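Enquirer: sharing a model that was predicted from the sequence below.
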Amino acid sequence: MYFGVDYYPEHWPEERWETDAQMMQAAHFNVVRIAEFAWAKLEPAEGHFDFDWLDRAIEVLNRHGLKVIIGTPTATPPKWLIDKHPDILPRDPDGHVRGFGSRCHYCATNEAYHWYTDIIVGQLARRYGQHPGVIGWQIDNEFGCHSTVRCYCDSCQRAFRRWLQRKYGTLDVLNKTWGTIFWSQTYTDWDQVIIPRKTVAEHNPSLLLDFYRFASDMKVQYQRRQIEILRRHTTNQFITHNLMGLFPEIDYYELGADLDFVSWDNYPRLLGSPDRARLAMTHDLIRSIRRRNFWVMEEQSGPSGWGIVQSTPRPGEVRLWTYQAVSRGADGIVYFRWRTCRFGTEQFWHGVINHDGLPRRRYEEVQRTGSELKRLAPLLEGTVVKNEVAFLYPYDQLWALDIQPNNPRLNYTDVVKEYYTCLHERNIGVDFVNHDDDLSQYKLLIAPLVYMVYPDLAARLARFVQDGGVLITTFRSGVKDWNNIATDKPLPGELAYLLGIEISDYDSFYGDKVGVRLELNGELSEGSADTWCDVITPQSAKRLAAYTSEYYSHEAAVTENRVGKGRAIYIGTRLDSNLRSKLIDYALLEAGVAKGLLAHSGIEVAIREKDSMKLIFLINHTDQKQTAALPGRYSSLLSNRSIAGEIELEPYGVEVLKEAELF
Amino acid sequence: MYFGVDYYPEHWPEERWETDAQMMQAAHFNVVRIAEFAWAKLEPAEGHFDFDWLDRAIEVLNRHGLKVIIGTPTATPPKWLIDKHPDILPRDPDGHVRGFGSRCHYCATNEAYHWYTDIIVGQLARRYGQHPGVIGWQIDNEFGCHSTVRCYCDSCQRAFRRWLQRKYGTLDVLNKTWGTIFWSQTYTDWDQVIIPRKTVAEHNPSLLLDFYRFASDMKVQYQRRQIEILRRHTTNQFITHNLMGLFPEIDYYELGADLDFVSWDNYPRLLGSPDRARLAMTHDLIRSIRRRNFWVMEEQSGPSGWGIVQSTPRPGEVRLWTYQAVSRGADGIVYFRWRTCRFGTEQFWHGVINHDGLPRRRYEEVQRTGSELKRLAPLLEGTVVKNEVAFLYPYDQLWALDIQPNNPRLNYTDVVKEYYTCLHERNIGVDFVNHDDDLSQYKLLIAPLVYMVYPDLAARLARFVQDGGVLITTFRSGVKDWNNIATDKPLPGELAYLLGIEISDYDSFYGDKVGVRLELNGELSEGSADTWCDVITPQSAKRLAAYTSEYYSHEAAVTENRVGKGRAIYIGTRLDSNLRSKLIDYALLEAGVAKGLLAHSGIEVAIREKDSMKLIFLINHTDQKQTAALPGRYSSLLSNRSIAGEIELEPYGVEVLKEAELF
Amino acid sequence: MYFGVDYYPEHWPEERWETDAQMMQAAHFNVVRIAEFAWAKLEPAEGHFDFDWLDRAIEVLNRHGLKVIIGTPTATPPKWLIDKHPDILPRDPDGHVRGFGSRCHYCATNEAYHWYTDIIVGQLARRYGQHPGVIGWQIDNEFGCHSTVRCYCDSCQRAFRRWLQRKYGTLDVLNKTWGTIFWSQTYTDWDQVIIPRKTVAEHNPSLLLDFYRFASDMKVQYQRRQIEILRRHTTNQFITHNLMGLFPEIDYYELGADLDFVSWDNYPRLLGSPDRARLAMTHDLIRSIRRRNFWVMEEQSGPSGWGIVQSTPRPGEVRLWTYQAVSRGADGIVYFRWRTCRFGTEQFWHGVINHDGLPRRRYEEVQRTGSELKRLAPLLEGTVVKNEVAFLYPYDQLWALDIQPNNPRLNYTDVVKEYYTCLHERNIGVDFVNHDDDLSQYKLLIAPLVYMVYPDLAARLARFVQDGGVLITTFRSGVKDWNNIATDKPLPGELAYLLGIEISDYDSFYGDKVGVRLELNGELSEGSADTWCDVITPQSAKRLAAYTSEYYSHEAAVTENRVGKGRAIYIGTRLDSNLRSKLIDYALLEAGVAKGLLAHSGIEVAIREKDSMKLIFLINHTDQKQTAALPGRYSSLLSNRSIAGEIELEPYGVEVLKEAELF
Ligand SMILES: [Zn+2]
Ligand SMILES: [Zn+2]
Ligand SMILES: [Zn+2]
């Protein structure tokens, strides 16, 4: 278990380093990330490198038991480089240069930038690639931050054409695939092909989807460029990148594939009051990217803020967020940042300690957490998270529905989260899977809005059901092919056979609510829905729910089709939470998924396991005490006592249990 | 009667064309519009033309009884042309190019674009100008769509100077007319004159008005260029353009003047729930553009939408909208579009049939409507709409009040619509007239916000009243001359004599409501008003209403002046709907306007007539049954039965009556 | 006492000038401002000057007893100049030119513009610098109007570098002062330093603060350039500039320092219903700029408006606003404008008379006011405003908190105004002081949000308290040094000793309300606060209030520290108005500030005095009568009667009293 902090020694007088390292050690830290924005200090003029200060910083840290992760500093090219190659700067769709003065001011396709990237990363790799006190590398920082994935410069224009040429081979194929016959957009020369800069109305949705894919791929390739250099020069050092949770602009499955493991930056109070289900979902997604344990490379340890300061973490919250991360698979926790910086844009992005450098309540909380985790570490070693339920969550769907939301109230991730929340309330763990992932380990697959489908995906879903799985899918599924072209088959297109239905009509819904009556195992529930209403004609499927208002009153709204050993449920509208909940209970039962511990108790439960041992994490996200009845006898790993029956958690309290060994 | 559909054969495999044509024929269609966006297919490279596919498409359609209207494809210049002449692209006021990637990406003043326009239109005209299966032409598509009327490119800069030179002759006249002495904006050379690009604060309002006029004129001239080519090469083929209803940026009187008749594109569910009065008003305005019957060139037949899908037409609505159009003077109905396109920006702009190409409920409704209209067609032949009431609605006023709304709540068309709605509720038909139109056929002229007045306009209004007409006008009348310069006479300026009043003070009103007491024929009504309060000193006029609050309490708010055989009513504030309604009833009575059939019944009534025959259209826009008592005996042309007394209309129901012939 | 009007003779036929001058004279005007936007008429082509019309206009005015103030016309460079030197045009952060077509279309750092400025101002100065009918000059017009202080052109880029070079001497100092080590922004050449154009995220806050200062300074220097020319050529003529009240982008202390006195433009109905406290505060700030009496150079006399017309002044309001200005130190009142202009952007910015040129109610009200002031003038002569309370209000603080508001609800001037309003309700006059002003004349200093502190400022505040003053300051004080760098001391940093506290924790507050209990002299008050909560550990200070909710319940929220003969009160949160009010009463009592006359009566009172004579102005800002009990016997200077006991003011009524002379 790694436990540490992000540190910028270059921001502080060198005579302070020793004090900082002592205080870190006292907080039980064993790892520090450094150097990620220090290019101007490492290479103050072209070809002049200064690593001495970094050597000294690493030495001080190592001396206090702190291993080091080096961040490559490519998120902040220095001014001398920008002035020499101003084309490195990215551009917005209007053609404006996004200039020097903050960070991420580079275009990932720029060839000059590749040249200078190779040099600085190569220098770092050669100097620290064998350093015993350096355990790993973080590439760049938060790829795509500040909307920098999609750039509209001339270099990207050219790169996009090359990317398309590789993908489509001939212009004829591209024209056909994109439907450029529409509005006379046919291209007759590769040099005619555009990137979606400002135009009069809206761009071709197939072009947009490819541009989104291209832009994501450019970040993946830019990361790969750095990884290749690092692999060449390093030994026994891991390579990771700090992802941004639910950031929607990069395909994290692809970005993660090249890394040893992924890490992410977790700021629960950045968007207001923390949303526990969203936090849990993000941890679960991040773990699913590589289907293995991960790190939190920046864990919030103080109020965040640039010009605006966010609310400060309540006493107990930093510890709680740490446990939540660990409970869902984090093997490393690195707090951001050590000491709040006195200058620059992030002046109010607070760290473990304030500008004044004194240990106060947040330092003490971190210190306590470190002490606890040190004790837990041997047990955590080798434990993983295992689940029976998965969500289908490909970035391609997200992008297609971002380009065409279909209804103003529709957002892909929001819908996924509605279903996720049902599972989270039941303390049933879930994984996320990509469109081409293996599904065989799951009993229930929830796949909202399978908007685009290609034949192999349809076949994989069918096989999953035939083999006994339960599939839940929804309205706006099977609408498109994988190039964002509408199917010419009756909806749900490629999924029609599996779902046993035909969508005979649909209504993008703008009213307040449409009535829905659900019938499950003979039990009737009245409720409502909104956003979208498919009017379903069941073929082989049976009806589970019908509308009770609008001109499609009495028509089917939800259906279930038995195929092979499994079932495929189609939900043709956006059900209210009560109906959605009932359907999920029904599906869990049908799928034979194990019940979650302390379901609906107000206490979040997550489990890490190894062989037969289960570590059960109980988390109270509220500022009120929570109590619940445990079904068995457990030992508490935090208080070293045995617990059975009622358990009580303090406000923002945490408990880690192990099933009592009977024999 | 023409009844048809918009079709893009180039979007579908050629082997499907036959099926499409058969299905169209089965829907009783007799006309199809094609080719409007097909430039890239018609001229795939400069000077290389391919009309064979179009020949074949026309042949298939003709063979199934479908006549063809060809749209000139100039709304979508192909990429090879844009790349050769990038200056064709329009610019926004900030100087940004509005690039390739959607449609309407051309500047109407660009000379290269004129050259290529002449070629493609000339080629089409020569090939199809004598084709017996081609009955007419649509120029371009929806001129000005996506805010493309006003362009800020260098070509427009030069064209504006030429246009002003023609209008003003000398710079001295321009400087004086615009008042450029204000803020030192005097021009001393024609090359100094600007177009209103981004500036520090707001532009000169007289310059803006001329720029609006210029930009509108550029579209008119660009259309005329195409019309002249078509006239040269065609015989017995009409020329039209599809207008955009209440689109405010082009003077439709001028655009329509060069056409054989105007048509328009009607999407009642594009802006949410259909607004029946707005729809009726739009039909009436469009009919008034040329004072003759018109077409709907694109009639909504499915949910519209690009990235966002709008709500689907309720069963019965497509038929209802068709009858509403016919009832107000449409002689051609063309549904947009045949089959929902599988690709491109308009992927979710649904047609009569969906992506899957199968006939479903909307096809059936269209088919039923076609069958009915086929029976009605002989009776409709030659019938027109005749009215006793007119609205003054010049685009110049609209533009001047768009440039300076005077009060944040003030919008010219909204105020016109408030008065229009009074007439619509009474089922009294109205026309719209331009500032220089003949008024002699009308009994009542409603002229809200005659903001700008020139002496001849004042004289024409005075003559109208003197000859016995009743004129209603409002606050903010007579404020300006026709160049947007404030009068130096006491308000209402040029209209003071006709109205018999002086505005001694005014208050742009920001409160909630000001009280108003109206007295008509001895009957008192208390109510309120807002937006603007003129404090009126009646001269020869008598007071009809006074304020009852604010510092101008007890001052006159509404007056009436008898001039010659008529009356001129001035409404100095924005009355609430009840007071406005009472005033309208009063004015209708004074003017001797015939009462509308089934007034206030909830059923919309409109009449087409020829000689003594009247076809009476009854329309129920609601999803509830409506009943009303008919004052006589009628024959139903839809059900072929005789009707007297109570009539009942189904939800979204329609009836067409003829007065029973007594002899 | 000067009483006059702004006049644009060039907007009207010369034959009208005589009538205008007669009407002005009849309104008791004795001064007229002219020529401020007339560059194009004064210099119609480069080097060709036409002053004849101006000579004639001045002659007509002088002949009617009207002295003249000439405005230099540099806010409106003519088109011939812009076309010759297009680089004069300013640019926005995106790089867009802000073009010709309104006003203020120049960059104050442009050297070509300096050249032409020198010429036109020099010509005017030489011609009118000794003219007996010209009493003074106004430089330019409302510097910075329409966000033109901060320009992003290349000239400004260069000028900023020069300005920084002068300020910092070496790049090392700049790099250290700005903290450019953050995000690798270190500059290694002066030509690398940027202005804050569009970038990817947010700029360095220290750079931004310097850019704000630089931009303000450029206006100050541009004004100084004109002043130097005028001083060279004029005798016995004053120089002023018309400020924009609470305009936040120029340091008015610096702009005012070069002027004989400042004036400002007062439009109470521009932002909706007039806010009396805001108006009073603005007068007080303007008077404090130079610590002497001032002018209102543009006093609202009719509804203002460009495209949108604002509500018209209620009868009595123009007179009331005039008296309010005089009561707080105005020695000149100039109404804007004489006659409403018939053309141009300000067509609806109404003057004393309307477009029609007739005297109506607002003319009559101005005339009455002029007649009254004529009588009062001898008494007003030499009277000034003297106060015991001051507010610390440096523009540097305003800018730093504009760059980083810390909390979305936080606005520097709003917080100052909350405290100002407490004093205003008590009719206690206040001054505003800059960070380096002498404080010795005050008993109470209210200094909200002393965000940035330098050692001398801390020392000056300490001395003020030690010498017996009472200081009130608040949360977010002592946070930064004067370069916008966070202190590394425990908060409140440099002020910790004076305040006797340490801020051990803080919470940028997003909830609804936090509870606060205040205890003053044993009296408990329960209330609330929001926006920010400092958790205070009192050292030498005693606690005046504590929180009653949140995790910092029971912690100190307000403290008081006795230092020397005085007290320093720290308010760690944003109190509700009741608690704030109680604290102010407590502080006023401690400081021994004299009670205000008719406090909390609804009548505004302000006093001008000379030797022992006090002129007491009573103002009723409401549309209701107001009565109050006077504590003594007074003579009314408006009605020439003696008044004691109850006094009644009409709606929008005014009274001027003198203490009755007992001996
Ligand atoms: Zn790029
Ligand atoms: Zn143009
Ligand atoms: Zn500039």
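Expert: Received it, and whenever you're ready, just let me know what you need. Ligands and ions are numbered 1, 2, ... in the order given.
Enquirer: going forward, measure contacts between C-alpha atoms and count neighbours the same way
Expert: Will do.
Enquirer: minimum distance to ligand 3, which residue of chain A gives it?
Expert: Closest approach between chain A and ligand 3, counting by Cα to the ion: residue A:99, at 17.4 Å.
Enquirer: that residue and residue A:88 touch, don't they?
Expert: No: using Cα atoms under 8 Å, residue A:99 makes no contact with residue A:88, being 9.6 Å away.
Enquirer: what pLDDT, on average, does the top helix by length along chain A get?
Expert: Of all segments of type helix in chain A, defined using DSSP state H, the longest is helix A:205-233. Over the span of helix A:205-233, the pLDDT mean works out to 98.
Enquirer: who are the packing partners of that helix?
Expert: helix A:111-128, helix A:154-168, helix A:171-178, helix A:252-257, helix A:395-403 (3 or more Cα pairs under 8 Å, 6 or more residues apart in numbering or on different chains; DSSP states H and E).
Enquirer: check what pLDDT the residue of chain A closest to ligand 3 gets.
Expert: For residue A:99, pLDDT reads 98.
Enquirer: do residue A:662 as well
Expert: pLDDT, read off for residue A:662, is 55.
Enquirer: please apply the same query to residue A:271.
Expert: Reported pLDDT for residue A:271: 84.
Enquirer: coming back round to it: now the helices and strands packed on helix A:205-233 as TSV including mean neighbour count, mean pLDDT and distance to chain C?
Expert: Shown next, in TSV, are the helices and strands packed on helix A:205-233 (neighbours: other Cα atoms under 10 Å in any protein chain shown; pLDDT from 0 to 100; distance: least, Cα to the nearest Cα, whole Å):
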stretch	mean neighbour count	mean pLDDT	distance to chain C
helix A:111-128	18	98	14
helix A:154-168	17	98	17
helix A:171-178	17	98	31
helix A:252-257	20	98	22
helix A:395-403	22	98	22
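Enquirer: so for whichever residue of the stretch 451-600 of chain A sits closest to ligand 1, what's the pLDDT?
Expert: Going by Cα to the ion, ligand 1 is nearest to residue A:483 of the stretch 451-600 of chain A, at 23.3 Å. pLDDT, residue A:483: 98.
Enquirer: same question, residue A:189
Expert: pLDDT at residue A:189 comes out at 98.
Enquirer: burial measure for it, as a count.
Expert: 11 (other Cα atoms under 10 Å in any protein chain shown).
Enquirer: check contacts around it.
Expert: Applying Cα atoms under 8 Å, 6 or more residues apart in numbering or on different chains to residue A:189 gives the contacts residue A:171.
Enquirer: any idea how far it lies from ligand 2?
Expert: Applying Cα to the ion, to the nearest Å, the value for residue A:189 to ligand 2 is 27 Å.
Enquirer: joint contacts of residue A:99 and residue A:88?
Expert: Contacts common to residue A:99 and residue A:88, judged by Cα under 8 Å, 6+ apart, are residue A:105.
Enquirer: show me which positions of the longest helix of chain A end up buried.
Expert: In terms of neighbour count (16 or more other Cα atoms under 10 Å in any protein chain shown), helix A:205-233 has its buried residues at A:205-224, A:226-227, A:229-230, A:233.
Enquirer: ditto for stretch A:81-94
Expert: Buried residues in stretch A:81-94 (16+ other Cα under 10 Å): A:81, A:82, A:86, A:87, A:88, A:89, A:90, A:91, A:92, A:93, A:94.
Enquirer: so what would you say the end-to-end distance of that stretch is?
Expert: Stretch A:81-94 has an end-to-end distance of 24 Å (Cα to Cα, to the nearest Å).
Enquirer: who touches it?
Expert: A:46, A:97-100, A:105-107, A:110, A:112-113, A:148, A:151-153, A:196-198, B:96-97, C:192.
Enquirer: average pLDDT across it?
Expert: For stretch A:81-94, mean pLDDT is 98.
Enquirer: repeat that for stretch A:622-641.
Expert: Stretch A:622-641 comes out at a mean pLDDT of 93.
Enquirer: how far does that stretch stretch from start to finish?
Expert: 24 Å.
Enquirer: roughly how far is it from the heart of the chain?
Expert: 30 Å (Cα atoms, centre = their mean, to the nearest Å).
Enquirer: what about it, near chain C?
Expert: No: if you take Cα under 8 Å from any Cα of the partner chain as the test, stretch A:622-641 misses chain C, and the best it gets is 9.6 Å.
Enquirer: picking that back up, so what's the residue of chain A closest to ligand 3 up against?
Expert: Contacts of residue A:99 by Cα under 8 Å, 6+ apart are A:89, A:90, A:105, C:197, C:198, C:199, C:200.
Enquirer: same question for residue A:392.
Expert: A:432, A:433, A:434, A:435, A:445, A:446, A:447, A:448.
Enquirer: quick check on those residues: which are buried?
Expert: A:432, A:433, A:434, A:435, A:445, A:446, A:447, A:448.
Enquirer: by proximity to chain C, which residue of chain A wins?
Expert: Ranked by Cα to the nearest Cα, the top residue of chain A for proximity to chain C is residue A:307, at 3.7 Å.
Enquirer: so which of the contacts of residue A:99 is the most crowded?
Expert: residue A:90 (30 neighbours).
Enquirer: what mean pLDDT would you report for stretch A:59-67?
Expert: Stretch A:59-67 shows a mean pLDDT of 98.
Enquirer: residues in contact with that stretch?
Expert: By Cα under 8 Å, 6+ apart, stretch A:59-67 touches A:17-18, A:21-22, A:25, A:29-32, A:68, A:133-135.
Enquirer: next step: those residues restricted to strands.
Expert: A:31, A:32, A:68, A:134, A:135 (DSSP state E).
Enquirer: looks like the fourth one contacts residue A:69 (just checking).
Expert: Yes: between residue A:134 and residue A:69 there is a contact at 5.8 Å, judged by Cα under 8 Å.
Enquirer: the residue of chain A closest to ligand 3 and residue C:196, how far apart?
Expert: With Cα to Cα as the criterion, residue A:99 and residue C:196 are 9 Å apart.
Enquirer: likewise residue A:104?
Expert: Separation of residue A:104 from residue C:196 (Cα to Cα): 16 Å.
Enquirer: what does residue A:338 give?
Expert: Residue A:338 is 29 Å from residue C:196, by Cα to Cα.
Enquirer: the two: which is more packed in?
Expert: Legend: neighbour count by other Cα under 10 Å for residue A:338 and residue C:196, higher for residue A:338 (26 against 21).
Enquirer: tally of neighbours for the residue in the stretch 551-663 of chain A that chain B sits nearest to?
Expert: Proximity of the stretch 551-663 of chain A to chain B (Cα to the nearest Cα) peaks at residue A:551, 7.3 Å away. If you count neighbours by other Cα under 10 Å, residue A:551 ends up with 12.
Enquirer: show me the contacts for it.
Expert: Here residue A:551 is in contact with B:314, B:315 (Cα under 8 Å, 6+ apart).
Enquirer: 6 Å instead?
Expert: Contacts for residue A:551 (Cα atoms under 6 Å, 6 or more residues apart in numbering or on different chains) come out as none.
Enquirer: tell me how far residue A:563 lies from residue A:464.
Expert: 10 Å.
Enquirer: higher neighbour count, the two?
Expert: Shown here are residue A:563 and residue A:464; by other Cα under 10 Å, residue A:464 has more neighbours (27 against 23).
Enquirer: report the secondary structure element holding that one.
Expert: For residue A:464, the element it lies in under DSSP states H and E is helix A:455-466.
Enquirer: which other residues reach that helix?
Expert: A:498, A:563, A:564, A:565, A:566, A:567.
Enquirer: stretch A:334-346 too?
Expert: A:3-7, A:297-300, A:306, A:347, A:350-355, C:179, C:182, C:204, C:485-486.
Enquirer: got the buried residues for it?
Expert: Buried-residue list, stretch A:334-346, by 16+ other Cα under 10 Å: A:334-346.
Enquirer: any idea how far residue A:421 lies from residue A:618?
Expert: For residue A:421, the distance to residue A:618 - Cα to Cα - is 17 Å.
Enquirer: looking at those two, which is more packed in?
Expert: Between residue A:421 and residue A:618, counted using other Cα under 10 Å, the more crowded position is residue A:618 (24 against 19).
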